[in-house]
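Q: A predicted structure for the sequence below; I have some questions about it.
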Amino acid sequence: MEGMEVMQFLLDSGLSDEDIMRLAAAKVKEFAGFINHETALFFIAKERGLNQESLNSELREDDNVDYDDFLIEISDIEINTSNIVILGRVGKIHPIREFSRKDGTLGRVGSFSIVDNSGSTKVVLWDDQVNIMNDEYFKFNEVIKIIGGYTKEGMDGHLEIQLGKKGKIMLAPDDISPEKIPKLADREAFQNLKSISIAELHDREQSFIPSVIGIVKIEEFCEKTLKKGGKSFLLRFYLSDNKNSIIVVVWGMEAIECFKTIDNDLAIKISNVVLKKSTYSGNNELHFTKKTLVEPL
């Protein structure tokens, strides 16, 4: 479905041009600028009943489709979703392995993680699909686009992406500015999932942070009235080591769940968070994503 068709769907649903522009601006702000105007329209249309099956059908049948209309963030993918389009950077790369099937034929499997501004997930490739991993442009921190993927539960119980028969991976897509996706932490830190020091966080630009360790000091937990209307829970706490500290921000139901887990003076490890600059203080903060994990130590 082209962008104009999404716009027409919203108009047919009873929204005015002004309503659509207002809702799109609010959606872009909600995602802290991590989505563009067109993607915001797509999410709004889905919320108002846009038929996902018809979208999936078009994605399968129209080779001239603008795939960016289907682009979603990793934090928004769910189990058993098909024909998804993901844009991100290559994270940890696992070696390609060979195995023997029951019929005696030889199979190959390879996997890697893909990371965007909202989180990370595992991508699994089979047989000829793994050839892309031998390409000179397939390497850590490079921007890629996955088209025609589907999700399933992996053997470890976590969600993973696999490619459909017509799925493909685009290396260094020329229609995407790499600056839109902050580079990952240095190779050693990401590949080995070593925790980044809090001092380092203050010197970094906006980026995805695999993990960080510190001591908790809760600043506030409250219910806030949002500018766009409605209410949401907010949790803010300091994460500190012996010398440095940084504010961690959690919204919504994640704030409630995190508040149940942490306590003052508790040592924790936080994984899969986004480092952003506060629009109020100008200082760096850590923000939860839907993939964030909190582990007491």
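A: On my side now, so go ahead. Everything numeric here is computed off the predicted structure, so don't read it as measured data.
Q: chain center to stretch 141-156: distance?
A: Distance, stretch centre to chain centre, for stretch 141-156: 11 Å (C-alpha atoms, centre = their mean, to the nearest Å).
Q: buried residues, it. List them.
A: In terms of neighbour count (16 or more other C-beta atoms under 10 Å), stretch 141-156 has its buried residues at 141, 143, 144, 145, 146, 147, 148, 149, 150, 151. Backbone N, C-alpha and C define where each C-beta goes, glycine included.
Q: shaky segments in the stretch 51-200 of the chain?
A: 51-70, 156-157, 174-180, 182, 184-195 (pLDDT under 70).
Q: what segments of it are helices?
A: 52-61, 187-191, 198-201 (DSSP state H, counting those that start in this stretch).
Q: could you list every helix and strand in contact with the shortest one?
A: Here helix 198-201 is seen to pack against strand 207-225, strand 245-251 when contacts are counted using 3 or more C-beta pairs under 8 Å, 6 or more residues apart in numbering; DSSP states H and E.
Q: pretty sure residue 113 sits against residue 91.
A: Yes: using C-beta atoms under 8 Å, residue 113 makes contact with residue 91 at a distance of 3.6 Å.
Q: what residues do the two have in common as contacts?
A: Here residue 113 and residue 91 have residue 120 as joint contacts, going by C-beta atoms under 8 Å, 6 or more residues apart in numbering.
Q: related to what we said a few turns ago, in strands, which of the buried residues of stretch 141-156 appear?
A: With strands taken from DSSP state E, the overlap with those comprises 143, 144, 145, 146, 147, 148, 149, 150, 151.
Q: between those, which sits nearest residue 80?
A: Relative to residue 80, the closest of these is residue 151; by C-beta to C-beta it sits at 6.4 Å.
Q: so who does that closest one touch?
A: 77, 78, 79, 80, 81, 82, 84, 159, 160, 161, 162.
Q: could you check how far the first one is from residue 121?
A: When distance is defined by C-beta to C-beta, to the nearest Å, residue 77 is 7 Å away from residue 121.
Q: now swap in the fourth one and tell me
A: For residue 80, the distance to residue 121 under the criterion C-beta to C-beta works out to 14 Å.
Q: the closest residue to residue 129 other than its chain neighbours - how many residues pack around it?
A: For residue 129, ignoring the flanking residues on the chain, the nearest one in space by C-beta to C-beta, 6 or more residues apart in numbering is residue 163 at 5.5 Å. Number of residues near residue 163 (other C-beta atoms under 10 Å) recorded here: 19.
Q: could we number from 9 for the rest of this?
A: With the count now opening at 9, the last piece we talked about shows up as residue 171.
Q: and residue 171, how far is that from residue 98?
A: Separation of residue 171 from residue 98 (C-beta to C-beta): 15 Å.
Q: show me the strands in the protein, by range?
A: Along the chain, the segments classed as strands by DSSP E run 92-108, 114-124, 127-134, 151-161, 167-179, 215-233, 239-248, 253-259, 275-285, 292-304.
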